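Visitor: return a 3D structure for these sequence lines:
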Amino acid sequence: MSIMYKSTRSNSDKVTASQAILKGLAEDGGLFVPDAVPMLDIPLDRLPSLTYQETAYEVMKLFLTDFTEEELKACIRGAYDDKFDTEEIAPLVKKDGAFYLELFHGRTIAFKDMALSILPYLMTTSAKKNGVKNEIVILTATSGDTGKAALAGFADVPGTSIIVFYPKDGVSPIQEKQMLTQKGDNTNVVGIIGNFDDAQTGVKKMFGSAELAERMDEKGYQFSSANSINIGRLVPQIVYYVWSYGQLMKQGEIKAGDKINVVVPTGNFGNILAAYYARNMGVPIETLYCASNENKVLFDFFETGKYDRKREFILTSSPSMDILISSNLERLIYRIAGEDADKTKTLMDALADQGEYEITSEMKEELSCFVGGYATEEQTAGMIRKMYQTADYIMDTHTAVAAHVYYEKARESGVPTVIASTASPYKFTRSVTDSIDKEKYDKMGDFELVDELNRLSGVKIPAAIEEIRTAPVLHDTVCDKSEMQKTVEKILGL
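Guide: So this is what the prediction gives:
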């Protein structure tokens, strides 16, 4: 079956997967969604025998139907190789009755590597397939992890350049240094005076500017995105939920057809949306637990059916989830609205104009497989401390938010539960060590804490951390949130 992609906000012409990947965002500001969610065509009982790469092919071939087998397998081979520090790519580790899907064994030690390792291959293959002559400018906003993973993926990739905007005071010191030390003649990093939502809004505005697109085209450029608004980011994320089901079977924890639960620490909603798509493909996921930090806009949405971003923006120890506008939720809204683009556009316009929208009771009924939960800063720190003391397992702050929601809401179900472990604790050394013993570690520097975390955990310091220890800062541009387009124009020489 050939899958085409359409916008969530209009009934404009459908596009192929490769065209959707190149565009990133639809012209009307909507997100691309498949015109049907395909069912897995491999029996569940075969999943345990597949490698991660083979699982990726079985899932992605169903969504990226204009890619040939040879093209797709080449993209997968290029992505999931020895840049990951474990052979299985995404190990599933059992601790205190839950299963932690470790998605941080890639080049930049965060789950974004799972998709951003393959996106450059999908992008350049798509460009060739569609006869694109322009240089593709990857324009991305990051709350911490996407930026570095995208920079690492696209660095020195021919025919591309990348510009990443991040909130200057809204990421961890390690996250910031990872970005600012990024090599590559085609890489650009800009700190903004503002928060992630400001960065994301600015990027979307540039994507929606026909005048800017025209000027770029004259100079031989066109935009695309590495955010999870790009379907080329979302599809590879579905893979690891299918993989985790196979691994539970392989470990003898479940049989084919048994139900599982999934808990996902959630900010921009892409990671949990991927699990929802896996469920719709036939993976027996019973409940999707959406775990928020103190910026609990999604928790409130699942509780009330009302999405309200008009609230204080809180900087937390889990900065990748410090988000009040969860872009990918639009894809779920479109689905529960019966794929009604007009209704979706009305709700998204209300969010932009009034800062809120409310779904109907019929739409809310379609969310029965979702449960919202959240963790306070104190609860997040307490979970890190508890897992270190009782299970000899050190997790990062985002995973700790999910673990708290697991213990509070999912554990009592008795259903085997996969927790998406989204970043290495080495990425958030100060928050992690403060949680374990603040008094003892408070006066240590960031890289002293790296060494201390190594001693505490016995886990080897990742290459991603070692390489930035003494790396020089290569990017120092900072601008106000109102000057993002001017900054892009300057970088591109428009």
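
Visitor: test my guess that Leu474 contacts Thr181.
Guide: Yes - the pair Leu474 and Thr181 qualifies as a contact (CB atoms under 8 Å) at a distance of 6.0 Å. Glycine gets a C-beta too; all of them are placed from N, C-alpha and C.

Visitor: Glu253 - how many residues pack around it?
Guide: Using other CB atoms under 10 Å, Glu253 has 14 neighbouring residues.

Visitor: circling back to that earlier point, out of Leu474 and Thr181, which sits in the more crowded spot?
Guide: Higher neighbour count among Leu474 and Thr181: Thr181, with 19 against 13, using other CB under 10 Å.

Visitor: and the more buried one, how far from Ala256?
Guide: 46 Å (CB to CB, to the nearest Å).

Visitor: cool, and Pro319?
Guide: Distance from Pro319 to Ala256, by CB to CB: 39 Å.

Visitor: secondary structure element for the closest residue to Glu27 other than its chain neighbours?
Guide: Spatial nearest neighbour of Glu27, excluding adjacent residues (CB to CB, 6 or more residues apart in numbering): Ser12 at 7.2 Å. Assigned by DSSP states H and E, Ser12 falls within no helix or strand.

Visitor: and Ser12, what's its pLDDT?
Guide: Looking at Ser12, its pLDDT reads 84.

Visitor: again, but for Ile285
Guide: With respect to pLDDT, Ile285 scores 98.

Visitor: hang on, isn't Thr390 packed against Lys95?
Guide: No - assessed by CB under 8 Å, Thr390 is found out of contact with Lys95, at 9.3 Å.

Visitor: using the three-state scheme, assign Ser311.
Guide: Careful, residue 311 is Arg and not Ser. Three-state assignment for Arg311 (DSSP: H, G, I helix; E, B strand; the rest coil): coil.

Visitor: neighbour count winner among Pro319 and Ala256?
Guide: Neighbour totals were compared for Pro319 and Ala256, and Pro319 leads with 26 against 14 (other CB under 10 Å).

Visitor: my read: that one touches Gly144, true?
Guide: Yes - taking contacts as CB under 8 Å, Pro319 lies within contact range of Gly144: 5.0 Å.

Visitor: counting neighbours, what do you get for the residue nearest to Glu27?
Guide: Ser12: 13 neighbours (other CB under 10 Å).

Visitor: correct me if wrong: it contacts Phe32.
Guide: No - with contact defined as CB under 8 Å, Ser12 does not count as touching Phe32 (10.7 Å).

Visitor: what do the two both touch?
Guide: 6, 26 (CB atoms under 8 Å, 6 or more residues apart in numbering).

Visitor: low-confidence ranges in this structure?
Guide: Judged against pLDDT under 70, the chain has no low-scoring part.

Visitor: max-length helix in the protein?
Guide: helix 231-250 (DSSP state H).

Visitor: adjacent strands (with direction) for the next helix or strand after that one?
Guide: As assigned by DSSP H and E, the chain's next helix or strand after helix 231-250 is strand 260-265. Using DSSP bridges, the strands paired with strand 260-265 are strand 285-292 (parallel), strand 417-421 (parallel).

Visitor: most tightly surrounded among the ones you listed?
Guide: Mean neighbours per residue, mean count of other CB atoms under 10 Å, is largest over the strands paired with strand 260-265 for strand 417-421, with a mean of 26.

Visitor: can you pull the alpha-carbon coordinates of that one into PDB?
Guide: Output of strand 417-421 as PDB, limited to C-alpha atoms (Å, rounded to 0.1, in the frame of the first residue of the first chain):
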ATOM      1  CA  THR A 417       5.700  -1.500  31.600                       C
ATOM      2  CA  VAL A 418       8.400   0.000  29.300                       C
ATOM      3  CA  ILE A 419       9.800   3.400  30.500                       C
ATOM      4  CA  ALA A 420      11.400   5.500  27.800                       C
ATOM      5  CA  SER A 421      14.800   6.400  29.200                       C
END
